[in-house]
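Q: structure here, sequence nowhere to be found:
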């Protein structure tokens, strides 16, 4: 991916995440899984490698906040499973990335 496409990708992603976070704050209180109806939640977390690098537009604090939110809402949403997709680290031999990711 060339530098222009990478910058465009991050710009679009940042805009989407910003919009989602504003909406999530107002919708969060209404998110409830009704266990009596058999409702439960499956979360999918895509590519975390940019967070584990802890640089640029994807600091590790964003990933920590997301995982804290999952822990805080697991009972209310009846979370049964969290699936990671894609790469966990950018460089599989980089111990500091693995430490941040864990």
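A: Okay, I see it. Here the structure is a predicted model, which is why all the values come from computation and not from measurement. Numbers count the residues shown, from 1 in each chain.

Q: tell me the buried residues in stretch 33-40?
A: Neighbour counts using 16 or more other CB atoms under 10 Å place residue 33 of stretch 33-40 among the buried residues. Any C-beta I mention is one placed from the backbone N, CA and C, and that applies to glycine too.

Q: just the mean pLDDT for that stretch, thanks.
A: Stretch 33-40 comes out with an average pLDDT of 86.

Q: got the confidence number for the nearest residue to residue 66 once chain neighbours are set aside?
A: Computed as CB to CB, 6 or more residues apart in numbering, the closest residue to residue 66 that is not its neighbour in sequence is residue 45, at 7.4 Å. Residue 45 carries a pLDDT score of 83 in this model.

Q: now swap in residue 81 and tell me
A: 90.

Q: pull the contacting residues for the closest residue to it other than its chain neighbours.
A: Of all residues not flanking residue 81 in the chain, residue 42 sits nearest, at 5.1 Å (CB to CB, 6+ apart). By CB atoms under 8 Å, 6 or more residues apart in numbering, the contact set of residue 42 is 79-83.

Q: turn those into a markdown table, columns for neighbour count, distance to residue 69 and secondary structure.
A: Converted to a markdown table, the contacts of residue 42 look like this (neighbours: other CB atoms under 10 Å; distance: CB to CB, whole Å; DSSP: H, G, I helix; E, B strand; the rest coil):
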| residue | neighbour count | distance to residue 69 | secondary structure |
| --- | --- | --- | --- |
| 79 | 16 | 11 | strand |
| 80 | 11 | 17 | strand |
| 81 | 9 | 16 | strand |
| 82 | 13 | 12 | strand |
| 83 | 9 | 16 | strand |
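
Q: between these, which sits nearest residue 36?
A: residue 80 (15.3 Å; CB to CB).
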